[in-house]
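Q: Provided below for reference: sequence and predicted model.
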Amino acid sequence: MSRGPAREEILGRVRAALADVSPEDRATPAPTPPPGAHLEGDALLERFVERVEDYKATVRRCAPEDLAATVAEALAPLGEGARAVVPSGLDLAVPGAVSDDALTSYDLDGIEAVVTAARVGIAETGTIVLDHGPDQGRRAISLVPDLHVCIVRTDQVVADVPDAVAGLDPTRAMTWISGPSATSDIELDRVEGVHGPRTLHVVLVG
């Protein structure tokens, strides 16, 4: 390799810049914060909406007093008479609501939608986490019906996965949702709805 003057000049500048840096500091690069870690307020919520929509999910924003109407709008395309499973702890009037009285998988497969709350939303990944509290119901109801309407409060949105994990109880069963259910075969043909809801509507409240 050539050891021309330009190369020696560059190496000289590097040596000069590192003269006051200890060997330990040279071996340990400074940690890089996650891309969304600095986001707050509206910017954080906009990142969450952008990432969720990247997964082909629909996001509707509303004020708390408009929540029931917004959920009804999300369910409206299913048509009159459509039913939605609603967890016992979700205090919300939902059209066609069906309570989860030990519904079997077969029962759930015949119901068009499910409406749940969430535990946390992650802005950087567009992921929603359910820990299946009373307003979210058991895991099965969020996995079988074809449409999932998920309610996320603005104060539940955090920047990244470490922030989410810090606020979760590791002893609880959890479901992490990044868009509608989808899978691909070896030829990368995308198929949706194979092992979960084909359509995801996120209602961001606040």
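A: Great, that's in hand.
Q: name all residues that make contact with the residue most central in space within the chain.
A: Nearest to the geometric centre of the chain sits residue 127, at 1.6 Å (Cα atoms, centre = their mean). Going by Cβ atoms under 8 Å, 6 or more residues apart in numbering, residue 127 touches 121, 161, 164, 176-178. Backbone N, C-alpha and C define where each C-beta goes, glycine included.
Q: which strand residues bridge it?
A: residue 122 (DSSP bridges).
Q: give me the buried entries from the contacts of residue 127.
A: Neighbour-count burial (16 or more other Cβ atoms under 10 Å) applied to the contacts of residue 127 gives 121, 164, 177-178.
Q: ok so residue 150 is a strand residue?
A: Yes. Counting by DSSP: H, G, I helix; E, B strand; the rest coil, residue 150 falls inside a strand.
Q: what's the spacing between it and residue 204?
A: Spatial separation of residue 150 from residue 204 under the definition Cβ to Cβ, to the nearest Å is 10 Å.
Q: and of the contacts of residue 127, the nearest to residue 142?
A: Distance to residue 142, by Cβ to Cβ, is smallest for residue 177 among these, at 7.6 Å.
Q: let me know the pLDDT of the residue nearest to that closest one when sequence neighbours are not counted.
A: Residue nearest to residue 177 in three dimensions, not counting chain neighbours: residue 128, with 4.6 Å by Cβ to Cβ, 6 or more residues apart in numbering. At residue 128, the pLDDT value in this model is 96.
Q: and for residue 13?
A: 80.
Q: how about the strands in the protein?
A: Assigned by DSSP state E, the strands in the chain fall at 58-62, 84-86, 97-99, 113-117, 120-122, 127-130, 147-153, 157-158, 175-177, 182-184, 190-192, 199-205.
Q: okay, the ones you listed in CSV with distance to residue 139 next?
A: CSV is the format used below for these (distance: least, Cβ to Cβ, whole Å):
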stretch, distance to residue 139
strand 58-62, 22
strand 84-86, 12
strand 97-99, 17
strand 113-117, 11
strand 120-122, 16
strand 127-130, 8
strand 147-153, 12
strand 157-158, 22
strand 175-177, 6
strand 182-184, 18
strand 190-192, 20
strand 199-205, 16
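Q: ok, which of those comes nearest residue 49?
A: Here strand 58-62 is closest among these (Cβ to Cβ), at 4.9 Å.
Q: what is the mean pLDDT for that closest one?
A: 96.
Q: mind listing what it pairs with, with the direction of each?
A: strand 199-205 (parallel).
Q: now the strand it pairs with - C-alpha only, CSV.
A: C-alpha atoms of strand 199-205 as CSV (Å, rounded to 0.1, in the frame of the first residue of the first chain):
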residue,chain,number,x,y,z
THR,A,199,-57.2,-5.3,9.9
LEU,A,200,-55.9,-3.1,12.7
HIS,A,201,-57.5,0.2,13.7
VAL,A,202,-55.7,2.2,16.3
VAL,A,203,-57.7,4.9,18.1
LEU,A,204,-55.3,7.4,19.7
VAL,A,205,-57.1,9.3,22.4
